[in-house]
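>>> Build the 3D model from these lines:
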Amino acid sequence: MSEIITLKNNNDFRRLYNRGRSFASPLVVTYVLKNRTGNVRIGITTGKKIGKAVLRNRSRRLIRAAFCEVQEQIRPGFDLVFVARSKTPFVKSYDVLRAMKKELKDAGVLK
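Modelled structure (predicted):
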């Protein structure tokens, strides 16, 4: 398993929100945009509507675990931002994985 490259700058997130394509499910929203680096970079956001810190951290852990499962199947050269929704902290990780795979397949990012 290779190292996960994360997006940290606000500019990168804004660029994906404005220019990227979005794919939504009740558990997670995925923004996808091609990049020039040739790497897969991800960002995870959880708003305060999710709940307090414990629920937001659980949402991030679930999304990160689901991404680690599907990481090897993703074509290089994409930026991805995953946004947790209000149902995310209350489901199991395989539910998030199933939703993430469907969204990434719809985006044409999977090999």
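
>>> next SSE after the host helix or strand of residue 31?
Assessed by DSSP states H and E, residue 31 sits inside strand 28-34. The first helix or strand that comes after strand 28-34 along the chain, using DSSP H and E, is strand 41-45.

>>> Quick one: name whatever helix or strand follows that next one.
helix 53-70.

>>> related to what we said a few turns ago, buried ones in the strand holding residue 31?
Neighbour counts over strand 28-34 (16 or more other Cβ atoms under 10 Å) mark 28, 29, 30, 31, 32, 33 as buried. For every residue, glycine as well, the C-beta is placed using N, CA and C.

>>> pLDDT at the second one, what is it?
If you check residue 29, the pLDDT there is 96.

>>> Now do the strand holding residue 31: everything it contacts.
The contact list for strand 28-34, computed with Cβ atoms under 8 Å, 6 or more residues apart in numbering, reads 15-17, 19-24, 63, 77-85, 88, 96, 99-100, 103-104, 107, 109.

>>> Next one, pLDDT for the nearest residue to residue 20 once chain neighbours are set aside please.
Take residue 20 and drop its neighbours on the chain: the residue closest to it by Cβ to Cβ, 6 or more residues apart in numbering is residue 33, 3.7 Å away. Per-residue pLDDT puts residue 33 at 95.

>>> Same check on the one 10 residues further on?
We note a pLDDT of 96 for residue 43 in this prediction.

>>> And for it, the neighbour number?
17 (other Cβ atoms under 10 Å).

>>> can you pull up the bridge partners for it?
Per DSSP bridges, the residues bridged to residue 43 are residue 81.

>>> Please list all residues in contact with it.
Per Cβ under 8 Å, 6+ apart, neighbours of residue 43: 6, 7, 8, 12, 13, 16, 79, 80, 81, 82.

>>> Would you mind measuring from it to residue 19?
The spacing between residue 43 and residue 19, counted by Cβ to Cβ, to the nearest Å, is 14 Å.
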